[in-house]
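>>> what follows is a protein structure lacking sequence information:
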Ligand SMILES: O=C[C@H](O)COP(=O)(O)O
């Protein structure tokens with residue numbers, strides 16, 4: 001059996017990579033930013049209907065779960081990270097589920113989208129992923145608070161790129177959004193994007209600290225105008241991380257930006273996404289709001305440390321009819 005279809009159309013778990021032009025950004029358009037709205041009650045009503053709306057079963061579900069794996073930034077961001085833990089994570093990224101399972105699903109060669117680590121672990125990860133094509137993403141700029149001196153944050157980006165990170169997850173200064181200083185946010189983001197060079201940059205908004213969905217919408221637009229390749233919800237360290245209302249707000253900003261500029265920016269929900277069924281809701285929402293093109297790793301990622309383990313468990317169940325113990329899928 002090969003898992004290649006979904007309930008609503010054909011989809012392989014790893015579609016051929018299409019290369020979009022990067023988002024080089026546009027001048028800050030304050031009129032557009034100021035006019036951005038987010039109707040919290042309407043967004044929350046819509047978000048509340050999402051989990052029950054689309055249910056995918058059997059082979060369709062397995063295809064969507066393989067798609068989710070291909071879009072995971074498999075993450076470890078702990079104070080007690082060690083090279084050995086990062087090497088185990090990289091082994092999991094290379095072979096996210098057991099060879100027998102992959103063979104049965106016809107998904108040999110499936111990998112996660114990236115491995116995401118702190119700066120100090122980049123070289124270990126690059127070494128462990130050699131020959132796989134799996135990029136290393138690094139959280140830089142004084143993650144998670146982003147409050148170290150600005151020149152050090154810029155230097156950290158440069159150091160992370162020099163160490164081999166192909167993707168840089170930066171954190172924005174929340175105070176710029178909270179005080180409505182959109183020019184400062186734009187300038188900061190632009191300088192960070194420049195420091196990344198050819199490495200792609202994901203702008204972490206830390207939405208749980210931005211106060212309102214309207215701020216989330218505005219900060220999303222400003223970061224895209226300043227050249228973010230992806231906008232990302234959270235560090236995983238805020239009290240509230242990725243949510244469905246925040247996701248609707250951010251992906252509608254992405255849609256708006258695409259409608260007006262023709263440029264596609266990626267989306268990364270991160271923090272607290274640990275269940276396969278939640279991943280399916282996110283994928284269905286992306287399909288509905290942005291379309292199939294965004295269901296590829298160059299435009300969509302999950303930032304997650306433990307989601308892969310639950311997906312593996314569900315795929316195991318799909319083939320064997322029985323649930324394995326979660327300790328069998330410890331990493332990821
Ligand atoms: O960017 C990724 C997040 O830090 C991962 O969060 P998580 O550990 O809640 O999955």
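Looks like it arrived, so ask away. Here the structure is a predicted model, which is why all the values come from computation and not from measurement. Numbers count the residues shown, from 1 in each chain.

>>> so what's residue 74 bridging to?
In this entry, residue 74 is beta-bridged to residue 115, residue 304, by DSSP bridges.

>>> how about the stretch 201-332 of the chain: which residue is closest to the ligand?
residue 236 (2.4 Å; CB to the nearest ligand atom). Bear in mind the C-beta positions are built from the backbone N, C-alpha and C, glycine included.

>>> quick one: that residue and residue 271 touch, right?
Yes: counting by CB atoms under 8 Å, residue 271 is a contact partner of residue 236 at 3.7 Å.

>>> list phi and psi for the residue of the stretch 201-332 of the chain closest to the ligand.
phi 90, psi -10 (degrees, to the nearest 10).

>>> same check, this time on the one 5 residues further on
Reported as degrees, to the nearest 10, the phi and psi values for residue 241 are phi -110, psi -130.

>>> now it, nearest residue through space, not along the chain?
residue 271 (2.6 Å; CB to CB, 6 or more residues apart in numbering).

>>> who's in contact with the residue in the stretch 1-150 of the chain positioned nearest to the ligand?
The ligand sits closest to residue 75 of the stretch 1-150 of the chain, with a gap of 4.3 Å, by CB to the nearest ligand atom. Residues counted as contacts of residue 75 (CB atoms under 8 Å, 6 or more residues apart in numbering) are 115-117, 236, 270, 303-305.

>>> that older thread, show me what contacts the residue nearest to residue 241?
Counting by CB under 8 Å, 6+ apart, residue 271 has contacts 233-238, 241-242, 303.

>>> verify the contact between residue 246 and residue 231 for me.
No: counting by CB under 8 Å, residue 246 stays clear of residue 231, with 10.7 Å between them.

>>> quick check: neighbours shared by residue 236 and residue 271?
By CB under 8 Å, 6+ apart, the residues touching both residue 236 and residue 271 are residue 303.

>>> for residue 230, give the beta-bridge partners.
As assigned using DSSP bridges, the partners bridged with residue 230 are residue 202, residue 266.

>>> tell me how many other residues surround residue 319.
13 (other CB atoms under 10 Å).

>>> which SSE is it in?
Under the criterion of DSSP states H and E, residue 319 resides in helix 307-320.

>>> which residues of the stretch 201-332 of the chain lie near the ligand?
235-236, 270-272, 303-306 (CB under 6 Å from any ligand atom).

>>> how about the residues you listed in TSV, adding pLDDT?
What follows is these, written out as TSV (pLDDT from 0 to 100):
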residue	pLDDT
235	98
236	97
270	98
271	97
272	97
303	98
304	98
305	97
306	96
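
>>> in a markdown table: those residues, plus distance to residue 147.
Formatted as a markdown table, those follow (distance: CB to CB, whole Å):
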| residue | distance to residue 147 |
| --- | --- |
| 235 | 12 |
| 236 | 17 |
| 270 | 19 |
| 271 | 19 |
| 272 | 23 |
| 303 | 21 |
| 304 | 25 |
| 305 | 23 |
| 306 | 27 |
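
>>> out of those, which end up buried?
235-236, 270-272, 303-306 (16 or more other CB atoms under 10 Å).

>>> residue 145: which of the residues you listed is nearest?
residue 235 (8.5 Å; CB to CB).

>>> can you classify that closest one as helix, strand or coil?
coil (DSSP: H, G, I helix; E, B strand; the rest coil).

>>> the one 5 residues further on now?
State at residue 240, reduced to three classes by three-state DSSP: coil.

>>> just flag the most distant two among the contacts of residue 75.
115 and 236 (14.8 Å).

>>> list the buried residues of the one helix or strand residue 218 maps to.
Per DSSP H and E, residue 218 falls inside helix 213-225. Using 16+ other CB under 10 Å as the test for burial, helix 213-225 gives 213, 215-225.

>>> so where's the stretch 201-332 of the chain uncertain?
325-332 (pLDDT under 70).

>>> would you map the strands across this structure?
5-6, 9-10, 72-75, 114-118, 136-139, 167-171, 200-204, 230-232, 266-268, 302-304 (DSSP state E).

>>> adding distance to residue 288, write the ones you listed out as a markdown table.
A markdown table is the format used below for those (distance: least, CB to CB, whole Å):
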| stretch | distance to residue 288 |
| --- | --- |
| strand 5-6 | 13 |
| strand 9-10 | 12 |
| strand 72-75 | 21 |
| strand 114-118 | 25 |
| strand 136-139 | 27 |
| strand 167-171 | 26 |
| strand 200-204 | 23 |
| strand 230-232 | 18 |
| strand 266-268 | 13 |
| strand 302-304 | 17 |
